[in-house]
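Novice: Next one to model:
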Amino acid sequence: MSQYYRPIAQTDPHRPAGAMTLAGGWTWFDRVEVLSREAPPRLIPAADLPDGARARLCAPREAIAGMAMDAPRLMGILNITPDSFSDGGAHFAPDAAQAHARAMAEAGADIIDVGGESTRPGADEIAPDEEQRRTAPVIAAMRAAGLRTPISIDTRKRTVAQAAVAAGADLVNDVSGFTFDETLAGYCAEAGLPVCAMHTQGNPQTMQRDPRYGDVVLDVYDFLADRVAALVAAGIPRARIVVDPGIGFGKTQAHNLALLARLSVFHGLGCAVLLGASRKRFIGDIGAAAPGAARVHGSIAVALAGVAQGVQILRVHDVGETRSALNLWQAVEAGGGAR
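Specialist: Numbering: from 1, shown residues only. Prediction:
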């Protein structure tokens, strides 16, 4: 019977003796929820974890693209597209894109995620040369202007990634989990690049047409475990792999909420975890907020819930607002140790 181990992440200043630090970060756990497809969930003491599971949950995560994983990091979204779901067209012009990148860096972004192809539900695939034309020159201009913040390229395509890296990108973020272009993982291995592998069901054209799962948490975990194994086999060390459960990609509101409730299970993959829920539709639906920036408050609430489960990277549209909330959250947590 396959078992999955979800650490019950805590940040309370009263930490019991014997509690374990989760992924070398800011949360601890002394209990674990055991999940399986054959039996109801049950709790066990952390001390009863199998050795391999304990090692994967507790090992400190190595730096990714120069970012230490011992504190939450913000990935600012730069969509150079006319049709992204939230900010399509806002930064499509090169000057606007560069200005927004600078603003996000100044507001506290730890990395800028540049994308030239919308992957919103129903979006059409664009040609690699068009995607490259949108992204590589902007990245090159950002570097020429002196931007030192790490940059990731959000693409499913090798040629786009190659051009972006040549222009100054540091990480490849693939929403297909490196299943769209079978040559992309090999290129990332050869180039020594860190990567982020996301889960999606289907493709942007089909993913929201009645998505179904046997058990969404375990199905997504198995997909990501398979992709991590494939990336390692391609020559990318586990320490350079980030995993993303893909909130909103081939998932209903119920699926999204189930994943968010048990996010900490993904630390069992032994990789840094990224959460990208910013401005997603379920936030507007639950929070009664209109599309776009009106969803910032709900987005921050979800982001902080992720940080409380030890998520290392938050992919967000609203960098300044999220940084402010995160600073306050961290100050409150630190203040708990005062006497």
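Novice: Show me where the stretch 1-150 of the chain has its strands.
Specialist: 4-7, 20-21, 28-29, 31-35, 42-45, 73-79, 111-115 (DSSP state E, counting those that start in this stretch).
Novice: Format those strands as a markdown table; extra columns: mean pLDDT, distance to residue 137 and mean neighbour count.
Specialist: Backbone N, C-alpha and C define where each C-beta goes, glycine included. Shown next, in a markdown table, are the strands of the stretch 1-150 of the chain (pLDDT from 0 to 100; distance: least, C-beta to C-beta, whole Å; neighbours: other C-beta atoms under 10 Å):
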| stretch | mean pLDDT | distance to residue 137 | mean neighbour count |
| --- | --- | --- | --- |
| strand 4-7 | 98 | 44 | 24 |
| strand 20-21 | 98 | 43 | 16 |
| strand 28-29 | 98 | 46 | 22 |
| strand 31-35 | 98 | 46 | 19 |
| strand 42-45 | 98 | 53 | 11 |
| strand 73-79 | 96 | 13 | 26 |
| strand 111-115 | 96 | 11 | 25 |
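Novice: Run through the stretch 1-150 of the chain and note the low-pLDDT ranges.
Specialist: 1, 83-92, 122-123 (pLDDT under 70).
Novice: How much space separates residue 109 from residue 314?
Specialist: Note on residue 109: its distance to residue 314, by C-beta to C-beta, to the nearest Å, is 10 Å.
Novice: higher neighbour count, the two?
Specialist: residue 314 (27 against 24; other C-beta atoms under 10 Å).
Novice: My understanding was that that one contacts residue 76; is that so?
Specialist: No. Contact criterion C-beta atoms under 8 Å: residue 314 and residue 76 do not qualify, at 9.8 Å.
Novice: For residue 279, which of the strands of the stretch 1-150 of the chain is the nearest?
Specialist: strand 73-79 (9.0 Å; C-beta to C-beta).
Novice: contacting residues around the closest one?
Specialist: For strand 73-79, contacts defined as C-beta atoms under 8 Å, 6 or more residues apart in numbering pick out 67, 86-88, 90-91, 97, 100-101, 104-105, 107-115, 118, 138, 152, 274, 276, 278, 312-317, 319, 322-323, 326.
Novice: So what's the gap between that strand and the chain middle?
Specialist: Centre-to-centre, strand 73-79 and its host chain are 10 Å apart (C-alpha atoms, centre = their mean, to the nearest Å).
Novice: and the angle for it with strand 111-115?
Specialist: 30 degrees (axes from the mean of the first three to the mean of the last three C-alpha atoms, to 10 degrees).
Novice: Adjacent strands (with direction) for strand 73-79?
Specialist: strand 111-115 (parallel), strand 313-316 (parallel) (DSSP bridges).
Novice: Show me how far the first one is from its chain's centre.
Specialist: It stands for strand 111-115. With C-alpha atoms, centre = their mean as the basis, strand 111-115 stands 12 Å off its chain's centre.
Novice: which residues are contacting it?
Specialist: Residues from elsewhere that reach strand 111-115 (C-beta under 8 Å, 6+ apart): 65, 67, 73-81, 84, 97, 101, 104-105, 135, 138-139, 142, 147, 149-155, 164, 169-171, 173, 313, 315.
Novice: One more pass at 7 Å, please.
Specialist: 65, 67, 73, 75-81, 101, 104-105, 135, 138-139, 149-154, 164, 173, 315 (C-beta atoms under 7 Å, 6 or more residues apart in numbering).
Novice: Find the centremost residue of this structure, please.
Specialist: Among the residues of the chain, the one closest to the centroid is residue 274, at 2.3 Å (C-alpha atoms, centre = their mean).
Novice: would that residue count as being in a strand?
Specialist: Yes. When DSSP: H, G, I helix; E, B strand; the rest coil is applied, residue 274 is found to be in a strand.
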